[in-house]
Structures are given as C-alpha cells and as structure tokens.
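Colleague: Got a predicted structure plus its sequence, pasted below:
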Amino acid sequence: MKAAFFDSPGRVSVRDVPEPSCPPGGLLASVRACAICGSDLRTMTSGPADPSTVYGHECVLEVLEVDRDVRSYSPGDRIIVCPVTCGTCDMCLRGAYHLCRRKEQVRTTNQGGFAGLVQVGSEAIEGGFILKIPDTLGDLEATIVEPLACVLSGSEKTSTGPGKTVAILGAGTVGNLHMQVARMKGSRCLIMIDLLRSRLDANASFGPVALVDASTCDPVETVREMTEHRGAGIVIVACVSARAQAQAIQMADKQGEVLFFAALPAGSPDATINTNLIHYSELKIIGARSASRRYFDLALELIAEGRVNVTPLVTHVLPLDEIARGFELMKSGAAMRVVLVP
C-alpha cells in the first residue's frame, strides 16, 4: 500500500510499504478520506519527531476485515476512531480523557490516515472509542467530525453565550467552526480576523460576522473600535502565530477570556505577551486541545443534522499521491480544508 511520510522539515513523500494485517481482537480498515489538519502542516513544516510515523487523524475508515472475536463491527461499516485513553489515570477519572497520562501505553496500533490501510486495535473496540458514521453523512463531511469535536471541547471551557462578543484570530476551518459554535450558543457579535482576504471572504456566506483584514489594519485597535474601546469578552486564537497570541491578550476586555486553541511549532514555542494586561485586566487564559468521546458524538450529531454547516469547508479533494500539493494549498491559504482520498 501507499503511505505518506514527513522526511524532513518541509518535505513529504509517498512510498510503498507492506500492507498491515488485521490485529488480534481488532479491525483492518481502508482509508476512504483523510483531511490535512493545521497540526499536520505545523509538524510537516518543523519536522516530525519520528520520520517513520504516518500522520493523519481526521479520517474516515471503512472496515475491511474483522477479527473472529469481534461482533460489533462488520465489513463495510464506515467508522471514525476517537483518541484511545486508559480510563483509569487521574485525568481520565476527572473526565479529561483527552489528557490521559497513559494513552501512549494503551494503544497497540499507532498509524495515521495518510495511507491506504489502517489497523484498529482491540483497545479501541473494548474502550468504546469507535463511532459508526450514518449513511446520510458523506465521507468528506465526516472528516470534519474530529476538528469540530475539538472546537466543542474548547468552547465548553469558555463562557461563550448570549451577550458575549467573540473575536477569532484565524479564519480557516477551525476558526470557522468556532464561529459557528459561538453563534449556535447565542453569541451574536462575532469578529473574525486573518491576514488573508481569501480566508475572510470564505466565511462571509456563513451569516453575519465582522471580517477584519489584519494585513491592512491594526487588528487590536480595530476590535477595540468595534467594541466601544472595551475589547472582546472572548478571544480565540485559531492560528499558529505567536503574534496572534500576543494580540489576543491586547484585544480582550476586562475579565475577558483568551482561548489558545492552536499550538506553536515545537522549535519556537515562545510568545512575547504583556502579562500586565493579564494582571490588571484580570484576564483568564485558557488552553485547549483534542477532545474526548462525548464531543465526537456531539460533533457527529450536529453535522449529520445540518446544525453545523461543514460542506463548504472542504475546498479541495486530492489523491494521496498529491499530498505535497495539498500541503502547499493549506500553507498558502488557497484552501480551507484539503481532503486526501487514497
């Protein structure tokens, strides 16, 4: 089968590798679709910790083979696999399953969806970490379940709701999902900020939202002018940018909340921020990553029911052999979401 690898910083290639077999107590599945996530772009750009790792986590799988001891799945089922966790560590016991301290130890398989086939280990089945995709939902739309689950998890950490002004730095897929979730929760004053006009324009059709082109103005001053010089009650950083993290703190209202939703590259993880603003304005700084099973269930329901519109977000569909082009489209901002179809 074919699989993609990050050979070195900025380089990705597709190679032939041996086909995996069905693992004991698990499933063997084919990859129907796998989207390129912003975190994949960050890893590809900075270089992976292990060049032998196959990445890709926003994927839709089709069950091909089932171990004889498995009864709950059949060939032909379309599935999404949630992050597998231990369920017994202190983080799992407090409900923060996505921060499981032992998740690396409980996984028997660890290959992403930038490939033709994927093994699904017994721990995913036994722990209940597999979602079946309804027939009414297409493969392309289903690739957005994972990022929406993460957005829902992050949004729950904030007080997003009626009467809240929400400013979002980054108008890509994740920024768009944050905007849709904020509106669904009752927020009506929404501001989206990006350096790329094309990204901003792609969000214009999703309903009333103020679009701020940060390439032509000071976004901090603009947000303050739009909010009677108070600032936004909730600011979400949905882009990989140390400057955006600093700007987010500057544009937050007193006792505002700043959600850091995107990580910085491993080689340059530091941002210079004005901590006096945190102190004197009593800001709450929140970090958010990944999501547990319950958010995947909710994301699948919202997309399947059309309450979150994800169809326009998939702007490019490419074969796995063109993954390098897909990363270029994401990096340039020409694409909202690129989905690879092996």
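Modeller: Sure thing, it's come through.

Colleague: drop to CA atoms for contacts and neighbour counts, all remaining ones
Modeller: Fine.

Colleague: Name the helix or strand of the chain that has the lowest mean pLDDT.
Modeller: helix 103-106 (a mean of 87; mean pLDDT, DSSP states H and E).

Colleague: and that one, which residues are buried?
Modeller: residue 103 (16 or more other C-alpha atoms under 10 Å).

Colleague: elements contacting whatever helix or strand comes next after it?
Modeller: The helix or strand immediately downstream of helix 103-106 is strand 117-120, counting by DSSP states H and E. Applying 3 or more C-alpha pairs under 8 Å, 6 or more residues apart in numbering; DSSP states H and E, one finds that strand 117-120 contacts strand 27-35.

Colleague: Just the CA atoms of the strand it packs on, as PDB, please.
Modeller: This file holds the C-alpha atoms of strand 27-35, laid out as PDB (Å, rounded to 0.1, in the frame of the first residue of the first chain):
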ATOM      1  CA  LEU A  27     -10.200  -4.400  12.700                       C
ATOM      2  CA  LEU A  28      -8.400  -3.800   9.400                       C
ATOM      3  CA  ALA A  29      -9.800  -0.700   7.600                       C
ATOM      4  CA  SER A  30      -9.300   1.100   4.400                       C
ATOM      5  CA  VAL A  31      -9.000   4.900   4.400                       C
ATOM      6  CA  ARG A  32     -11.800   6.500   2.500                       C
ATOM      7  CA  ALA A  33     -10.800  10.100   3.200                       C
ATOM      8  CA  CYS A  34      -8.300  11.900   5.400                       C
ATOM      9  CA  ALA A  35      -8.100  15.700   5.800                       C
END
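
Colleague: now whichever helix or strand comes after it: mean pLDDT?
Modeller: Per DSSP H and E, strand 27-35 leads on to helix 38-46 as the next helix or strand towards the C-terminus. Here helix 38-46 scores 90 as its mean pLDDT.

Colleague: Now do helix 38-46: distance to the chain's middle.
Modeller: 12 Å (C-alpha atoms, centre = their mean, to the nearest Å).

Colleague: got the contact list for it?
Modeller: Helix 38-46 is contacted by residues 6, 8-12, 55-56, 240, 263-267, 327, 330-331 when judged by C-alpha atoms under 8 Å, 6 or more residues apart in numbering.

Colleague: re the thing from before, so which residues make contact with the least confident helix or strand of the chain?
Modeller: Counting by C-alpha under 8 Å, 6+ apart, 84, 85, 86, 123 sit against helix 103-106.

Colleague: just stretch 160-179 next, same as before
Modeller: 147-148, 151-152, 155, 182, 185-194, 199-200, 203, 223, 232-239, 244, 248, 308, 313, 336-337.

Colleague: Going through the contacts of helix 103-106, which ones are buried?
Modeller: Among these, the ones that count as buried (16+ other C-alpha under 10 Å) are 84, 85, 86, 123.

Colleague: Please report how far the second one lies from residue 93.
Modeller: So the one you mean is residue 85. Counting by C-alpha to C-alpha, to the nearest Å, the separation of residue 85 from residue 93 is 11 Å.

Colleague: again with residue 135
Modeller: Computed as C-alpha to C-alpha, the residue 135 to residue 93 distance reads 34 Å.

Colleague: again, but for residue 70
Modeller: From residue 70 over to residue 93 (counting by C-alpha to C-alpha), the distance is 27 Å.

Colleague: Read off the pLDDT value for residue 51.
Modeller: pLDDT, residue 51: 87.

Colleague: Would you enumerate the residues in contact with it?
Modeller: Neighbouring residues of residue 51 by C-alpha under 8 Å, 6+ apart: 5, 6, 7, 8.

Colleague: Could you check the angle the helix or strand harbouring the third one makes with helix 38-46?
Modeller: Okay, so that is residue 7. Counting by DSSP H and E, the element that carries residue 7 is strand 2-8. Counting by axes from the mean of the first three to the mean of the last three C-alpha atoms, to 10 degrees, strand 2-8 lies at 50 degrees to helix 38-46.

Colleague: Identify the residues contacting strand 2-8?
Modeller: So strand 2-8 is in contact with 12-17, 44, 47-48, 51-55, 114-116, 320, 323, 342, going by C-alpha under 8 Å, 6+ apart.

Colleague: Burial check on the residue nearest to residue 9 when sequence neighbours are not counted, number of neighbours?
Modeller: Spatial nearest neighbour of residue 9, excluding adjacent residues (C-alpha to C-alpha, 6 or more residues apart in numbering): residue 47 at 4.0 Å. Counted by other C-alpha atoms under 10 Å, the residues lying close to residue 47 total 20.

Colleague: correct me, but residue 47 touches residue 10?
Modeller: Yes: Residue 47 is within contact range of residue 10, at 6.8 Å (criterion: C-alpha atoms under 8 Å).

Colleague: Mutual contacts of these two, please.
Modeller: With C-alpha under 8 Å, 6+ apart, residue 47 and residue 10 have no common neighbours.

Colleague: returning to that earlier point: so which of the contacts of helix 38-46 sit within helices?
Modeller: Those of the contacts of helix 38-46 mapping onto helices are 327, 330, 331, per DSSP state H.
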